[in-house]
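# Got a sequence here, can you build the structure:
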Amino acid sequence: MSEVNTPTGTAARPDQGAGPSDPAAPGLGRWTRLVTARPRLSLLVALVLTALAVLAGSGVADRMGSGGWADPSAESTYATREVERVFPASQPNLILFVDAGSRRVDDPAVAAEAERLAGRLAAERGVTGVGSYWGTKAPALRSDDGRQALIAARIEGDEKTASETLDRIAPGLRGRHGPVEVSIGGPVAVQHEMTTIIQDDLLRAELIALPVTLVLLVMVFGSAVAALLPLGVGIVAILGTNAVLRGVTEFTDVSVFAQNLTTALGLGLAIDYALFIVRRFREELDGGSGVREAVGVTLRTAGRTVLFSALTVAVSLAAMLVFPQYFLRSFAYAGIAVVLLAAGAALILLPAALMLLGHRVNALDLRRVFRRRRARAEGAAPAEPGAGWGRFAALVMRRAPLFAFTTIGALVLLGLPFLGVKFGTPDDRQLPAGAESHVVQQEIRDGFAGSPTGTLEILAEPASEAGPAPTAAQYAQYRDRVAGLPGVVRVDGPVTSGAVAYFSVVPEGEAVGERAQRLVHELRDVPAPFDTSVTGRAAVLEDSKGAIADRLPLALGIVVVVTLFLVFLLTGSVLIPLQAVVLNGLSLTAMFGALVWVFQDGNLSGLLSFTSTGDIETTLPVLMFCIAFGLSMDYGVFLLSRIKEEHDRGASHDRAVRFGLQRTGGLITAAAVILALVMVAIGTSRVTNTKMLGLGIALAVLMDAMVVRSLLVPSVMKLMGPASWWAPRPLRRFHERFGLSEGESRPIPPSASPDAPEKGVGGAEARGGERPSQDRDRAGV
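Coordinates of the predicted model:
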């Protein structure tokens, strides 16, 4: 091997890390040669592909929807579709809120202007089912004080078509018209405004997250050059995922909310993976390895860990594909793409960049001067990297029972509010208080006897396609049965069209309250001589809850079983994978407890600027579980891989645990803080669900890194002792053949034996000698 000069003037030695051709890892040896043979060509190809991704992903947000919470195969979805098709006026999605100011809505001048507006709306292309208070005199369309009234209509087409129609007609309808002031509301206006706000908020979050992330990376790495590498990986992952989502929209619906996950995970995972790889690369350089040799060892160790981490995160996100709601499936599409692209960029582009940079990866070290001054002032050499984490791990393990049971108790306590969770459907209150569609819907809730969009509808059809149409007497008998149910305020209808009819049922209380949800089941149980299907917001909620409950065991089973298998392949233990799953679940308790205490119960609503609806959107806990569990496993794999590496080198169980936390404690904490700040930037959104997602995941990440990885993992592994590594003989043989252990198993030198004096766990003596001076200069993560 040719000699390569290091910054300290020492030559790379063959015994300091195997070269790329090391037979200990032939697969990754070939991979190392592949990614390092032509680094300039690799980066050039990546640059071209990224530019193509920018072009392919442009305009992706315009092709996304803002819905996706309903089960497309549910009874309520079928009924909604049929009622919209046969009776478009029964399902208004556009509301013109007509305010007469000091006049009353029955004033002749007000009525004339309102009728002119209704006629103008009815003449618009793509608008059907126009009805108004002035045309129907329906009390539900007039406010209690008689100064506001409504014009209701339906905009035809899918979400994209309806949004384009609204963009075209809204400017001519909104604003002052003679004696009245017109505002626009209704579901289509809420969805349109939500999409616009999410896009604006996402841009703002990116403008906040990118510079803040760069500053933090400089603080973590010291080197400005090294700090730019994770950002590059993240940008490639984000742009590539946008291109993937643009392609997915050609075949299926995708939620606009998924773009928030693309930004957050793209930056977060890129930073995690790049931190781990760059840190290991710098360790190998500091140990005297040449550049190519350091890249090879890095890919066989940190690279393998990144691969495992990416698989565990992708599996957690892929579990959302089992659910029928495209809101959840969209996050699976975005999440799987961004995870694989972040891992691919970290394992292909990053090694190529490191090959070209070599020792210049440490250039522009902005912290070195301050560390040297502090060291001279204190009269002592800088501490071994991570020595503080090693001492902390030793403290936790000495008091393992105290730390383990106290931490578990605190986490369970933080999760107790989730026992009172109430589920609901998203509405205009997701939007900021000043949003036009939110203001309109709030005025309707506060000032009108009933909402034209809050009733339950019953679709009535012949029992068979060739069967006779129901008679008026049968309809009347059925209506009387429905009107006799508790919680029913009024039954309107039937409205007929051929052999099909529908009834409107006004429930007591909130449109999606508990009473309305019970009424859905009671309506479906009412006997009738014809087929009935119930829809409405409460019915959609009940069907959505049912779809999630039916498929949740399968999703959890996929996550748990695949995670157990992957962690077993990494560790060769049966007990450590079980421990990892249980502790990961505990790390999420604070997030779920805060979800209810803050967003459902409304605590801190003033500080965080949101309107509490008294419930949590049904799909959100599933989404947050899949994301947070995957990220927890991300950090868990980082820690377990270093523990396993030291254990394979012959260290005792306790020493391996201390070494793992010493080497990864600062790394995991830094990565978690940066990812949490990215999620907080997402959480500054004015849309409540996005705020909930960003702040909730940020809390889960910090709890996992600072509580579970720092306190629970070392204390529980201490209590389990060497038995942690137990596996039955058949599984041990399986792992020996198929397992993917972390790096090569090199025996630790005599000075690093468990009985030898230590300079911090895994410190200079533990690694067989004093590190070069430049490593002592850098405390680094």
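# Determine how far stretch 279-286 lies from the middle of the whole chain.
Chain-centre distance of stretch 279-286: 32 Å, with C-alpha atoms, centre = their mean, to the nearest Å.
# averaged over its residues, what pLDDT does that stretch have?
Averaging pLDDT along stretch 279-286 yields 85.
# Repeat that for stretch 580-595.
Per-residue pLDDT over stretch 580-595 has a mean of 93.
# and what of stretch 193-204?
Averaged across stretch 193-204, pLDDT comes to 88.
# ok, now stretch 54-66?
Per-residue pLDDT values over stretch 54-66 give a mean of 81.
# mind listing what's buried in that stretch?
Neighbour counts using 16 or more other C-beta atoms under 10 Å place 56-57, 60-61, 63-66 of stretch 54-66 among the buried residues. All C-beta spots, glycine's among them, are computed from the backbone N, C-alpha and C.
# Quick one: end-to-end distance for it.
End-to-end distance of stretch 54-66 (C-alpha to C-alpha, to the nearest Å): 23 Å.
# Outside of it itself, list whatever touches it.
Here stretch 54-66 makes contact (C-beta atoms under 8 Å, 6 or more residues apart in numbering) with 158-160, 191-192, 194-195, 198-199, 239-247, 249, 253-259, 326, 330.
# Filter those down to just the buried residues.
159, 191-192, 194-195, 198, 239-246, 249, 253-259, 326, 330.
# In helices, which of the residues you listed fall?
Here DSSP state H is the test, and those give 159, 191-192, 194-195, 198, 239-246, 258-259, 326, 330 as lying in helices.
# for this structure, what's the longest strand?
Counting residues, the longest strand found in the chain (DSSP state E) is strand 488-497.
# What helices and strands are in contact with it?
If you count contacts as 3 or more C-beta pairs under 8 Å, 6 or more residues apart in numbering; DSSP states H and E, strand 488-497 packs onto helix 472-483, strand 500-507.
# Show me the shaky parts of the protein.
1-32, 35, 364-386, 450-454, 466, 740-781 (pLDDT under 70).
# What ranges does it have for its strands?
Along the chain, the segments classed as strands by DSSP E run 94-99, 127-132, 148-155, 175-177, 180-185, 423-424, 456-461, 488-497, 500-507, 531-535, 616-617.
# Tell me which of those lies nearest to residue 268.
strand 616-617 (22.9 Å; C-beta to C-beta).
# Just give the strands next to that closest one in its sheet, each with its orientation.
In the sheet, strand 616-617 lines up against strand 423-424 (parallel) (DSSP bridges).
# what's the offset of the strand it pairs with from the middle of its chain?
19 Å.
# cool, and stretch 252-270?
Distance, stretch centre to chain centre, for stretch 252-270: 7 Å (C-alpha atoms, centre = their mean).
# And for stretch 562-570?
Averaging C-alpha positions (C-alpha atoms, centre = their mean) puts stretch 562-570 23 Å from its chain's average.
# Please name whichever of the helices and strands packed on strand 488-497 is nearest to residue 342.
Relative to residue 342, the nearest member of the helices and strands packed on strand 488-497 by C-beta to C-beta is strand 500-507, separated by 47.2 Å.
# what pairs with the closest one, and is each one parallel or antiparallel?
Note on strand 500-507: by DSSP bridges, its sheet partners are strand 456-461 (antiparallel), strand 488-497 (antiparallel).
# Show me the one of the ones you listed that comes nearest residue 149.
strand 488-497 (18.5 Å).
# Other residues contacting the closest one?
Strand 488-497 is contacted by residues 86-87, 90, 450, 460, 475, 479, 482-483, 501-508, 519 when judged by C-beta under 8 Å, 6+ apart.
# before we move on, the earlier item: determine which stretch of the helices and strands packed on strand 488-497 is the most buried.
Of all the helices and strands packed on strand 488-497, strand 500-507 has the most neighbours on average by mean count of other C-beta atoms under 10 Å, namely a mean of 23.
# now that one, how far from the chain's geometric center?
A distance of 38 Å separates the centroid of the chain from that of strand 500-507, by C-alpha atoms, centre = their mean.
# Kindly report the same for stretch 274-287.
Between the centre of stretch 274-287 and the centre of its chain there are 29 Å (C-alpha atoms, centre = their mean).
# Could you do stretch 183-201 as well?
21 Å.
# How about stretch 647-664?
Remark: stretch 647-664 is offset 32 Å from the chain centroid, using C-alpha atoms, centre = their mean.
# Buried ones in that stretch, by neighbour count?
Residues of stretch 647-664 classed as buried: 647-651, 653-664 (neighbour count, 16+ other C-beta under 10 Å).
# would you list the helices and strands packed on strand 488-497 in TSV and tack on distance to residue 210?
Listed next are the helices and strands packed on strand 488-497 as TSV, based on distance: least, C-beta to C-beta, whole Å:
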stretch	distance to residue 210
helix 472-483	57
strand 500-507	48
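# Please identify which of these is closest to residue 297.
The closest of these to residue 297 is strand 500-507. By C-beta to C-beta, the value is 66.5 Å.
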